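1. Sharing a model prediction with you, sequence too.
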Amino acid sequence: MPRPSQPLLSRQRIVEVALRIIDEEGLAALSTRRLAADLHVRAPSLYNHFATKEEILDAAGDAVIAAVDISMFGPREWPEALRQWARGYRAALARHPNNVPFLAGGPALRPAALRLADAVYGALLDAGWSRSYATRIGATMRYFVFGSTLGPFALGFVVDPFGYAGRYPHLTDAHRLRQHREQVDGGAFELGLGTLIDGLVRLYDQTVVKS
């Protein structure tokens with residue numbers, strides 16, 4: 001039989017299928033046995049491309065981060081760059097919510113995640129922020145973005161109006177929040193982002209411009 005024109009297995013294909021399993025069923029569903037079955041190969045074949053399951057998890061997580069646009073750092077002033085980046089970061093994470101708890105642990109040695117961290121930190125340094133402030137601002141932005149994707153606020157309330165009536169007089173409309181999830185959660189993100197950026201601009205004027 002002629003050899004196939006394309007290899008049957010590649011790192012990219014493994015990552016794509018691993019990410020699909022995580023997206024559909026969660027991190028706990030991913031195992032080398034399950035991944036091999038979905039790829040129609042034997043499990044040992046995976047180790048020609050990845051040494052461990054942890055490496056596969058890292059690669060799948062990094063594929064999520066690789067979709068985050070960081071091209072605004074440099075051409076844009078740092079406040080607007082942070083604003084645009086945070087929106088894109090949240091959108092990328094929202095497309096893969098089951099991966100968020102894993103990625104929240106930090107960039108480790110994942111290339112895309114480290115490029116992202118380097119771009120943010122470098123842009124802040126170039127703008128005149130001290131290393132200390134640049135580190136803390138990067139961390140603050142990351143906390144905010146990840147926090148906004150870990151658990152949608154609007155979905156935290158039950159749809160039964162009788163669950164709140166009488167006992168919680170200020171929550172009589174809480175059962176309607178699920179119907180307006182994007183308005184509530186998206187609006188809360190924009191409110192928090194705007195407040196955060198405005199505060200950083202004031203801090204910049206006080207600590208960098210005046211120094």
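-> Nice, thanks for sending it over.

2. Identify the residues contacting stretch 132-151?
-> 82, 85-86, 89-90, 93-94, 97, 100-101, 103-104, 117, 120-121, 124-125, 129, 185, 188-189, 192-193, 196, 200, 203, 207 (CB atoms under 8 Å, 6 or more residues apart in numbering). C-beta here means a position set from N, CA and C on the backbone, and glycine is covered the same way.

3. If you count neighbours, what's buried in that stretch?
-> 133-134, 137-138, 141-142, 144-146, 148-149 (16 or more other CB atoms under 10 Å).

4. Stretch 191-202 now?
-> Applying 16+ other CB under 10 Å to stretch 191-202 flags 193, 196-197, 200 as buried.

5. Just checking, which helix or strand succeeds the lowest-mean-pLDDT helix or strand in the chain along the chain?
-> Ranked by mean pLDDT, DSSP states H and E, the weakest helix or strand in the chain is helix 181, scoring a mean of 80. Going down the chain from helix 181, the next helix or strand is helix 187-204, by DSSP states H and E.

6. For the residue nearest in space to the middle of the chain, give me its contacts.
-> For the chain, residue 93 is the residue whose C-alpha lies nearest the centre (CA atoms, centre = their mean; 3.4 Å). Contacts for residue 93 (CB under 8 Å, 6+ apart) come out as 64, 99-100, 103, 145-146, 149.

7. Now for residue 167, how many residues are close by?
-> 8 (other CB atoms under 10 Å).

8. where does it land in three-state SS?
-> Following DSSP: H, G, I helix; E, B strand; the rest coil, residue 167 is assigned to coil.

9. Outline the domain layout of this protein.
-> 11-63, 69-209 (automatic domain parsing).
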